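J.: Kindly return the folded structure for what I paste below:
(4 chains)
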2 protein chains.
Amino acid sequence: MTQACAHIIDDDEAIRDALQWQFRTRGVPCRMWPGAEAFLAAWQPEWRGCIVLDIRMEGMSGLECFDVLIERNCTLPVIFITGHGDVPMAVSALKKGAFDFIEKPFNDNDLIEHVQRAFDRDAASQQAAADRDTVEARLATLTAREREVMELILEGKFNKVIADELSISMRTVEAHRSRVFDKMQVRSAVELAQMLTTLRN
Amino acid sequence: MTQACAHIIDDDEAIRDALQWQFRTRGVPCRMWPGAEAFLAAWQPEWRGCIVLDIRMEGMSGLECFDVLIERNCTLPVIFITGHGDVPMAVSALKKGAFDFIEKPFNDNDLIEHVQRAFDRDAASQQAAADRDTVEARLATLTAREREVMELILEGKFNKVIADELSISMRTVEAHRSRVFDKMQVRSAVELAQMLTTLRN
DNA sequence: ACCGCAATTGTGGAATACCGCAAATCGGAT
DNA sequence: ATCCGATTTGCGGTATTCCACAATTGCGGT
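T.: Residues are numbered from 1 along each chain as shown, chains lettered A, B, ... in the order given. Prediction:
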């Protein structure tokens, strides 16, 4: 499992140095990036933790960087920091899903607390994503016919009814049903329903 | 069904008059309130639509009013409007669940568009709440024993196992099970699982 | 004391689900 | 040509579910 890490993106070296010292002192893993481009070039989907993103930077702005990350389905919580933010900017960022929006000058303790909360949220969402992936992986092993039978099982239909609808024998439905339960690693239709209903919400 | 209505709370009569005219011209139902206190005194949980809340007002501020509404479990989307908002205020409001945060001066069309979106969200959340209430109402008709049996059914257990765990006969479990399905208005354990799994998410 | 509801149990039978064993067909891949 | 996986089906048997009919017990309210 990748270690949670705070990715701090700011083009001001003095701020990077100060923050790095603060984070390291408190034992919070962090990594500094001089600009959005460098970060985006290095970013990997499996990275965990959070992103601290300065808005006003040379080259790509923090907001543009955020848009790219959304495009890439990056789910890391993003904490914006800015010295010249305005209300519409903050509102827009938060409505797009930013985790927080902090104005400079900020208290270092404050930032680190926000980062910790962002770590927590990321851990929770990663857990949820992992659960989803597990189920998706099992679904992927089903054949087309098995999936078809599964859908009808989830509608609470009897094997007999399923057999009629698919114009196959009941025995065949039983065979598919059995394989569906095996592959999905459940012991009953109820467990299957719970697993998939959770996934679809 | 109550009609969706935009509740506009602002202590500036000129603004109320202007907004009322704009809303009425566009056929958007609205109601004007001169202050948070008056609105809170009249508010009813079944009201639908949204709330447009000025932050700086005589007496109770919009933010305080929002807190009271949260306390009362009011789910109406709240659109803040303010002439002197700052970033931390906007961030705080949005993180508490405000629907939007708009700075004056704003374009009237803009506000009405936001109100329309708020109406949509409220309609969706009311529908979801109604679905939850339906299920809750059915759950409420279950006796303690029936609920107990239901929980074990949802764990995918056989009637025989349930009978053992509750130290009652299988026949009794069957009787409870049958009544549970009747009262919950489902025809199978799968439907029951879907209904309750949805509710619990 | 009487009523109504909840909880409980039994009998017996029909309908379903579940399983191991076995096997035929078919299409795609090597 | 051959192999493999997917789909299909049958047989026979066991386990479970579901239901109608019938009945007992106990508790709280009238």
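
J.: Now do the contacts for residue A:32.
T.: Counting by C-beta atoms under 8 Å, 6 or more residues apart in numbering or on different chains, residue A:32 touches A:8, A:10, A:16, A:19, A:20. From N, CA and C alone the C-beta is placed, and that goes for glycine too.

J.: State the helix or strand in which the third one lies.
T.: Taking DSSP states H and E as the criterion, residue A:16 maps to helix A:13-25.

J.: Name the strands paired with the following helix or strand past that helix and say parallel or antiparallel.
T.: Following helix A:13-25 in sequence order, the next helix or strand is strand A:30-33 (DSSP H and E). Within its sheet, and counting by DSSP bridges, strand A:30-33 is paired with strand A:4-9 (parallel).

J.: and the spatially most central residue of chain A, backbone torsions?
T.: Per C-alpha atoms, centre = their mean, the C-alpha nearest to the average position across chain A is that of residue A:75, at 3.9 Å. With angles defined as degrees, to the nearest 10, residue A:75 sits at phi -110, psi 10.

J.: Just give me the neighbour total for the residue nearest to it when sequence neighbours are not counted.
T.: Closest residue in space to residue A:75, ignoring its immediate chain neighbours: residue A:125 at 5.8 Å, by C-beta to C-beta, 6 or more residues apart in numbering or on different chains. Neighbours of residue A:125 under the rule other C-beta atoms under 10 Å in any protein chain shown: 14.

J.: Which helix or which strand is home to residue A:125?
T.: Here residue A:125 sits within helix A:108-140, counting by DSSP H and E.

J.: report the angle between the axes of that helix and strand A:4-9?
T.: Regarding helix A:108-140 and strand A:4-9, their directions subtend 120 degrees when assessed with axes from the mean of the first three to the mean of the last three C-alpha atoms, to 10 degrees.

J.: Show me what helix A:108-140 is packed against.
T.: Of the remaining helices and strands, those touching helix A:108-140 by 3 or more C-beta pairs under 8 Å, 6 or more residues apart in numbering or on different chains; DSSP states H and E are strand A:4-9, helix A:13-25, strand A:48-54, strand A:78-82, strand A:100-103, helix A:170-184, helix A:189-199.

J.: Please tabulate these in TSV and include mean pLDDT as additional columns.
T.: Shown next, in TSV, are the helices and strands packed on helix A:108-140 (pLDDT from 0 to 100):
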stretch	mean pLDDT
strand A:4-9	97
helix A:13-25	94
strand A:48-54	97
strand A:78-82	96
strand A:100-103	95
helix A:170-184	94
helix A:189-199	93
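
J.: nearest to residue B:38, of these?
T.: strand A:100-103 (32.7 Å; C-beta to C-beta).

J.: Which strands and helices lie in contact with the closest one?
T.: Packing contacts for strand A:100-103, counted by 3+ C-beta pairs under 8 Å, 6+ apart, involve strand A:78-82, helix A:87-95, helix A:108-140, helix B:87-95.
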